[in-house]
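Trainee: this is the structure alone, sequence omitted:
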């Protein structure tokens, strides 16, 4: 049986300082049957030239350039170009261990799971480890409502689920993986508990505004998922608790 092809979608915006590490972590995967779709979202630095450089020397790299439309638009453009049987995402300042995809694909093959995720480590801009996030071994839609157990940089899904567009809104990653898990029935974590991905935490990032993030989460419950007010409030309490847990040195999210 041929090895599955993984389409890795990477939005790029003014990322010349970090993107080589991110790109290299994809191209150096032990599972080499992949395509890396780089989507330049109107960068004004040297990012486009770096993209074209990689595309010229590795046939697995696809470089797409478009006007600035935001991360959701960039990911959607990458999804439109994807040709693989599986899809994964990585931002241009995060990176993977070399065996990330291989471990996930093997676990999916063995268990029949159509969505898979992994533990990851939050890293400061100075390179200091901040916290290791270890999600539960298995999650269904009801569990996802309490918190996004699937870090976008760790998630992978089978295209047989059908693709869905990222919405241009706060917490678009969460809304996307809610849909994936709902369609798949459940998602599973790789049994290996070590971090398979590294998430760069930037000071002053959009996601670091806790009050704004809470507002986004409430809107998802009420407007996107159409939950009743009482259930939304109950889920919100769980969301806040899990958000605090993620900041601990080792976070085991039940």
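Mentor: Done, it's in. Everything quoted here is computed from the prediction, not taken from an experiment.
Trainee: so what pLDDT did residue 38 get?
Mentor: Looking at residue 38, its pLDDT is 98.
Trainee: what strand or helix carries it?
Mentor: strand 34-41 (DSSP states H and E).
Trainee: list the buried ones in the following helix or strand past that strand?
Mentor: Scanning forward in sequence from strand 34-41 by DSSP H and E, the next helix or strand is helix 47-57. For helix 47-57, the buried set under the neighbour-count rule, 16 or more other Cβ atoms under 10 Å, comprises 47, 48, 50, 51, 54, 55. Bear in mind the C-beta positions are built from the backbone N, C-alpha and C, glycine included.
Trainee: the first one: what's it in contact with?
Mentor: Looking back up the chat, that one is residue 47. The contact partners of residue 47, by Cβ atoms under 8 Å, 6 or more residues apart in numbering, come to 12, 13, 14, 15, 16, 19, 40, 92.
Trainee: where does the prediction get shaky in the stretch 151-254 of the chain?
Mentor: 170, 204-211, 215-216, 218, 235, 245-254 (pLDDT under 70).
Trainee: where do the helices sit along it?
Mentor: Assigned helices in the stretch 151-254 of the chain, in chain order: 172-184, 210-219, 229-245 (criterion: DSSP state H, counting those that start in this stretch).
Trainee: out of the ones you listed, which comes closest to residue 139?
Mentor: helix 172-184 (6.6 Å; Cβ to Cβ).
Trainee: next up, phi/psi of the most centrally placed residue in the chain, please.
Mentor: The centroid of the chain falls nearest to residue 152 when counting by Cα atoms, centre = their mean (1.6 Å). In terms of degrees, to the nearest 10, the main-chain angles of residue 152 are phi -60, psi -30.
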